[in-house]
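> got a sequence here, can you build the structure:
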Amino acid sequence: MRAATFIAITLLISCRPHNAAVTDRTSDTLGFAEMTPRDSADTSLSKARVITGPTVVVFWLSGADTLSADDQAEALDELNYTTEGIAPTLQRHNITLVPTNSDTIYVALPNRQRRMILLTGVDYPFGYVLVEPGTAERILAGVYSDDELRDEVEAYFDLPPASDSTAKYPRIST
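Numbering: from 1, shown residues only. Got it, this is the predicted structure:
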């Protein structure tokens, strides 16, 4: 019996491709733009995120249940409004925007390993995580104004300031 079990396990392991990257096996492809409003029982947001490139993660954890219903509604409205305002800038610079209700985020590393980011214990159970694989993440807990979030994103991802007139269009002379 042990020999049969050993052979079965060996066969399963040998059938698995050895060059599959971490992101190929469990890559999370659900983005903010593809999200449709669903009820709170939707489990697609509860799945831990695997980050493979420059990403802004919008998180809303179960700890927000400790807030009053009015405070929850106000915070969620602010979070959604600010997120919708920053989305075009992120898209322009090829930065992914993903939502999550999970308290764990994984960052895929080049050596087929993952680095875990835990969101439990942050000041507020909602906010943003700015992630660039290979660098330290920046957790922005709570509600941020449009300007504050834009400044944080520009500084973290080293983007040209939105007020920079040379960043918009090149000047054409004839």
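> beyond the helix or strand bottoming out on mean pLDDT in the chain, next helix or strand please.
Scoring the helices and strands of the chain by mean pLDDT, DSSP states H and E places helix 22-26 at the bottom, with a mean of 39. Sequence-wise, the next helix or strand downstream of helix 22-26 (DSSP states H and E) is strand 49-51.
> and residue 91, what element?
helix 69-92.
> can you give the strand pairings for whatever helix or strand comes next after that helix, parallel or anti for each?
With elements assigned by DSSP H and E, the helix or strand that comes after helix 69-92 is strand 96-100. The pairing partners recorded for strand 96-100 under DSSP bridges are strand 55-60 (parallel).
> and residue 152, helix, strand or coil?
Three-state assignment for residue 152 (DSSP: H, G, I helix; E, B strand; the rest coil): helix.
> relative to residue 138, how far out is it?
7 Å (C-beta to C-beta, to the nearest Å). Heads up, the C-betas are built off the backbone N, CA and C, glycines and all.
> what touches both of those two?
Listed as contacting both residue 152 and residue 138 by C-beta atoms under 8 Å, 6 or more residues apart in numbering are residue 130.
> show me where pLDDT drops low in the chain?
1-46, 163-174 (pLDDT under 70).
> contact partners for residue 140?
Residue 140 neighbours (C-beta under 8 Å, 6+ apart): 127-130, 149, 152.
> assign it to helix, strand or coil.
strand.
> mind telling me what element the closest residue to it other than its chain neighbours is part of?
Closest residue to residue 140 apart from its sequence neighbours, by C-beta to C-beta, 6 or more residues apart in numbering: residue 128 at 4.3 Å. Per DSSP H and E, residue 128 falls inside strand 126-131.
> name the residues that touch that strand?
With C-beta under 8 Å, 6+ apart as the criterion, strand 126-131 contacts 51, 54-61, 64, 75-76, 79, 105, 107, 117, 119, 137-144, 149, 152-153, 156-157.
> of those, keep whichever come out buried.
51, 54-61, 64, 75, 79, 105, 107, 117, 119, 137-141, 143-144, 149, 152-153, 156-157 (16 or more other C-beta atoms under 10 Å).
> what does stretch 156-164 contact?
54, 89, 93, 95, 130, 132, 138, 150, 153-154, 166-167.
> now do the buried residues in that stretch.
So, applying 16+ other C-beta under 10 Å, buried residues of stretch 156-164: 156-157, 159.
> how many neighbours does residue 70 have?
8 (other C-beta atoms under 10 Å).
> where's it relative to residue 124, distance?
Counting by C-beta to C-beta, the gap from residue 70 to residue 124 is 16 Å.
> just residue 139 next, same as before
Distance from residue 139 to residue 124, by C-beta to C-beta: 10 Å.
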